[in-house]
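1. Pasting a predicted model and its sequence here:
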Number of protein chains: 4
Amino acid sequence: MSKELFKNKDIKINLKSGITIPNDKLIIAGPCAIEGYNQLLDTAKFVKAIGANVLRGGAYKPRTSPFSFQGMKEEGLEILKSVKKEVKIPVVTELMDVRDFDKVYDVADIIQIGSRNMHNFPLLVEVGKQDKPVFLKRGMSATIDEWIKAAEYIAIGGNTNIIMCERGIRTYNDYTRNTLDLAAVPIIKKETGLPVVVDPSHGTGVRELVKPMSLASFAAGADGIMVEVHPNPKNALSDGKQSLTFDEFEDLLISLKNGAI
Amino acid sequence: MSKELFKNKDIKINLKSGITIPNDKLIIAGPCAIEGYNQLLDTAKFVKAIGANVLRGGAYKPRTSPFSFQGMKEEGLEILKSVKKEVKIPVVTELMDVRDFDKVYDVADIIQIGSRNMHNFPLLVEVGKQDKPVFLKRGMSATIDEWIKAAEYIAIGGNTNIIMCERGIRTYNDYTRNTLDLAAVPIIKKETGLPVVVDPSHGTGVRELVKPMSLASFAAGADGIMVEVHPNPKNALSDGKQSLTFDEFEDLLISLKNGAI
Amino acid sequence: MSKELFKNKDIKINLKSGITIPNDKLIIAGPCAIEGYNQLLDTAKFVKAIGANVLRGGAYKPRTSPFSFQGMKEEGLEILKSVKKEVKIPVVTELMDVRDFDKVYDVADIIQIGSRNMHNFPLLVEVGKQDKPVFLKRGMSATIDEWIKAAEYIAIGGNTNIIMCERGIRTYNDYTRNTLDLAAVPIIKKETGLPVVVDPSHGTGVRELVKPMSLASFAAGADGIMVEVHPNPKNALSDGKQSLTFDEFEDLLISLKNGAI
Amino acid sequence: MSKELFKNKDIKINLKSGITIPNDKLIIAGPCAIEGYNQLLDTAKFVKAIGANVLRGGAYKPRTSPFSFQGMKEEGLEILKSVKKEVKIPVVTELMDVRDFDKVYDVADIIQIGSRNMHNFPLLVEVGKQDKPVFLKRGMSATIDEWIKAAEYIAIGGNTNIIMCERGIRTYNDYTRNTLDLAAVPIIKKETGLPVVVDPSHGTGVRELVKPMSLASFAAGADGIMVEVHPNPKNALSDGKQSLTFDEFEDLLISLKNGAI
């Protein structure tokens, strides 16, 4: 494993609102999918007020079944643009298709490559040629080496502003949706120097585990967390079981401020 | 799990040279990657003479590292086109990028979606809108359900000419490159009615295991095999360890004809 | 990996009734657990009449929960002894506890070490010091190397009459109970020269998959199969979903005789 | 999943030196294997001085190969007994064979059941009938449910003084020896109320990862850690790569005291 593409780069990622990584810890929060203007606006206002510094929200959703809700797409991006402007918070959203690049680039402050696309090399090459930070989720069963090489596909284009996101791996475990591999945090930081963010929502799939795993992530050296928050998880169009309510998110942030970060 | 999209369709896939699935067993053979005109021509002539009825050969290669050989791309497709015409054998080749669709469509008799792209939904949707058979490899850690739903992404566009390819899954096993899950063969046939082909080359990563696993695949009910064959595996630009020599391929075909299929 | 303990041993295992391995193919059949005299007698008579050459039946059952049926223990061994005498068929039964060695040795023609005990080294050492063949099931997540080294724990005691049993490994797959790793068959034969039997009942956990996986096992080079058969699977005290009815077992044996072995 | 056997028990484990769980955090340290009197004495003195409250040290070692060092056995237990008396620290050591029960019981303050024996039900039943706390390591590929049911095998004998130890599970990951599943910590605590200790040494197999994973374990709610420490890891007879030097252990304890526990 090599960090030739990354070392001596003194990577410092600058986001809006004066946030820089690794100086600041990233608290990325928001709904799995954008479901409407009010849903996103309410969530954005709340999570920002509580301490989140980046808003998440998917307009294009990669779903296992073609019959599941696929995201609001262009309409979702428009909502994201409006909410971002109104709430004044940088946003991360997923790019699934090279043909949607311009539309996503127009809105996103950070471009997310999801787990299912970690091996979508043409997509990686594309986001490596542009200037916005890339949020690279680990593939469902990617080794450390494969994940780093996916980052290299981005870096060869010149863009080394890459945030690595550990989001759990696929194992035989059946209590949790995935097995969160927190050892990946210090490993990736050592091997590449890149910032690492943990997604305990997908990493466990269980609402009650988001808080302890968030605390553990920072203890392991993570540069941030990405957490799903929804005004009403029971009615969420996707990932309701792993989304925090507003109250739960506030409780998490209080715990984090009490010493963890 | 449902086979609503597939059942009662009486799926019969017609390839050139009068081959129909499931009436005929598919013997797909050829190099992992197209490396040059002579390499492909020699291999095509040989495998056809021995009994293969489809030629494989990758022009676009999804490689873990951006620094590995990425395939001959357009030049590779041109070679494939020439060899196909000269040897008169249908060909399967991989499509990795929606933007390359026209070029691949122009040459391929069967369009392959590789393991790394089983979850690349925009790509699946694209090949679902055209009329050529699609060869859908199972994702590295895809469940049966996810694999079938990937086929549904293709089928919703109207194209149900889908060949499912079991190519091994990722497990803790370290002797083989992947763990070939032959139980998937009868399962997929029962759940969808679609033809299933096994790739013992990727499924094991070990040359000596290709023959016993090919025999086992047909015994389990497979409609075909996809086998990597190379004139000189030691010098192959990719997957040399799992590629058969011409002699080994001939030995395999003799065994198959002696009762297995 | 080495086969020093096994090679040049010319291993030939002699069972009662003139069966020798590897000359004969092993067809081991019977209930998961001995549940009573009539259940075992009826099954034994039937499977022998149809073509089985070894009877299986557990008296001591390693069950995940302490509240599940744990086997008939000594009473089960007595039943096994009577049925064996009456039906004249060699028997294999599991040893779980070194303290039960004498009782199991008294009845068994082949002593089974179950998956959960593949790493129970004191038990392995014990069966290595006696003269009856040992049926060594692969551990739930054992690598090839660990499995061979478990066989070495037996062989260092002097007993190299070891039958290796592939029974599926634990993976993320959720359609089947385990993932049957048929590539292990040629691998173990190459690395150790020991006979390999496949257990498609535990290997899949799904009744309808037992037949295709049995056929595939022999095609891959297996020396035998171990199959669960029960007079009334719906009422079985354990493993009912994967047990064949008498009719299904007969259908399997007909298929095997039609060319597979 | 049920915690009927555990709930309302108000489990409070009392060790020597006034340590009680869950009131105190367990810092278990020492060599993988007892290799000699001085090795153990030096380590015991050092780890106690720095802040460990339990000494670990294996006399019986379950090793993958029968040709690897198998532990000093009875001689090792004698050394452990002497060191325990001299240093005045409670000790945990592994029981592998029911026939060694009396010898291990005589020395151990906590009886360890290793990963390879989590499914050795006769051994679990045996330690359930005695009065010393049991340290139950999770099996290599045990689900949460199987692990809890293994604890139930102990508890049905009357002994509910069980410490659950997460030590990593087997996955496809190849950078680390195992994948440490820290989500198991809050899950086990919720489902059973039993204390949970994490073993980051086996959980990662990599010395540099022991510290960040120890910090993360406590953040996730663990009641303790078990860490391998050796005077000279390079010369250790087992597990040298994952053992901390004295300096590294001191550095770890300083970090823990600075806020983590």
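-> Cool, the structure landed.
2. near chain B, anything from stretch A:104-117?
-> Yes: for stretch A:104-117 and chain B, the contact criterion (C-beta under 8 Å from any C-beta of the partner chain) is met by A:Arg116, A:Asn117. C-beta: built from backbone N, CA, C; applies to glycine.
3. The stretch 101-250 of chain A: helices as residue ranges?
-> A:101-107, A:121-128, A:144-155, A:184-192, A:200-204, A:207-219, A:246-255 (DSSP state H, counting those that start in this stretch).
4. Report the mean confidence score over the third one.
-> So the one you mean is helix A:144-155. pLDDT averaged over helix A:144-155 equals 97, rounded to a whole number.
5. chain center to it: distance?
-> 17 Å (C-alpha atoms, centre = their mean, to the nearest Å).
6. Determine the set of other helices and strands touching that helix.
-> Counting contacts by 3 or more C-beta pairs under 8 Å, 6 or more residues apart in numbering or on different chains; DSSP states H and E, helix A:144-155 is packed against helix A:121-128, strand A:134-137, strand A:162-166, helix A:184-192.
7. How far off centre is the second one?
-> Spelled out, that is strand A:134-137. 7 Å.
8. so does it get close to chain B?
-> No: using C-beta under 8 Å from any C-beta, strand A:134-137 never reaches chain B; the gap is at least 12.1 Å.
9. go on, the first one?
-> Yes: figure legend: helix A:121-128 in contact with chain B (C-beta under 8 Å from any C-beta); contacting residues A:Phe121, A:Pro122, A:Val125.
10. relative to strand A:162-166, how tilted is that helix?
-> If you take axes from the mean of the first three to the mean of the last three C-alpha atoms, to 10 degrees, helix A:121-128 sits at 130 degrees to strand A:162-166.
11. Repeat that for the last one.
-> Orientation check (the same axes, to 10 degrees): helix A:184-192 against strand A:162-166 gives 150 degrees.
12. Helix A:184-192 packs against which elements?
-> Helix A:184-192 packs on helix A:144-155, strand A:162-166, strand A:196-198, helix D:207-219, going by 3+ C-beta pairs under 8 Å, 6+ apart.
13. do the same with the second one
-> Here strand A:134-137 touches strand A:110-113, helix A:121-128, helix A:144-155, strand A:162-166, going by 3+ C-beta pairs under 8 Å, 6+ apart.
14. among those, which is nearest A:Leu15?
-> Closest to A:Leu15 of the helices and strands packed on strand A:134-137, according to C-beta to C-beta: strand A:110-113, at 7.1 Å.
15. quick revisit: which one, of the helices and strands packed on strand A:134-137, ends up nearest to C:Phe101?
-> It is, among the helices and strands packed on strand A:134-137 and with distance given as C-beta to C-beta, helix A:144-155, at 45.2 Å.
16. Show residues contacting the closest one.
-> A:1, A:3, A:5-6, A:118-119, A:121, A:124-125, A:127-128, A:134, A:136, A:138-139, A:142, A:160, A:162, A:164, A:184, A:187-188, A:191-192, A:194, B:64-67, D:173-175 (C-beta atoms under 8 Å, 6 or more residues apart in numbering or on different chains).
17. so what's the closest residue to A:Pro31 other than its chain neighbours up against?
-> Ranked by C-beta to C-beta, 6 or more residues apart in numbering or on different chains and with sequence neighbours excluded, the top spatial neighbour of A:Pro31 is A:His230, at 4.9 Å. Counting by C-beta under 8 Å, 6+ apart, A:His230 makes contact with A:Pro31, A:Cys32, A:Gln39, A:Thr43, A:Ala236, A:Gly240, A:Ser243, A:Leu244, A:Thr245.
18. Give me the buried subset of those residues.
-> A:Pro31, A:Cys32, A:Gln39, A:Thr43, A:Ala236, A:Ser243, A:Leu244 (16 or more other C-beta atoms under 10 Å in any protein chain shown).
19. any idea how far B:Val196 is from the nearest residue to the last one once chain neighbours are set aside?
-> Think A:Leu244. With C-beta to C-beta, 6+ apart as the criterion, A:Leu244 has its nearest non-adjacent residue at 5.0 Å, and that residue is A:Val229. For A:Val229, the distance to B:Val196 (C-beta to C-beta, to the nearest Å) stands at 42 Å.
20. Phi and psi next, for the closest residue to A:Met118 other than its chain neighbours.
-> Of all residues not flanking A:Met118 in the chain, A:Gly139 sits nearest, at 3.6 Å (C-beta to C-beta, 6+ apart). Here is the backbone geometry of A:Gly139 (degrees, to the nearest 10): phi -60, psi 160.
21. ok, how many other residues are close to A:Lys73?
-> A:Lys73 sits with 15 neighbouring residues when counted by other C-beta atoms under 10 Å in any protein chain shown.
22. shaky segments in the stretch 1-150 of chain A?
-> A:1-4, A:7-10 (pLDDT under 70).
23. again, only this time at 90
-> Scanning the stretch 1-150 of chain A for pLDDT under 90 picks out A:1-23.
24. Get me the contact residues on it for chain B.
-> A:62-67, A:96-99, A:116-117, A:119-122, A:125, A:140-141, A:145-146, A:149.
25. Buried only: go through the residues you listed for me.
-> Buried, going by 16+ other C-beta under 10 Å: A:62-64, A:66, A:96-98, A:116-117, A:119-122, A:125, A:140-141, A:146, A:149, out of these.
26. Which residues of chain A lie near chain D?
-> Counting by C-beta under 8 Å from any C-beta, chain A sits next to chain D at A:141, A:143-145, A:169, A:171-176, A:179-183, A:185-187, A:190, A:203-204, A:206, A:208-209, A:212-213, A:215-221, A:259-260.
27. Could you measure from the most centrally placed residue in chain A over to chain C?
-> In chain A, the residue lying closest to the centroid (C-alpha atoms, centre = their mean) is A:Met226, at 5.1 Å. Counting by C-beta to the nearest C-beta, to the nearest Å, the gap from A:Met226 to chain C is 23 Å.
28. before we move on, what about A:Lys234?
-> On the measure of C-beta to the nearest C-beta, A:Lys234 and chain C end up 25 Å apart.
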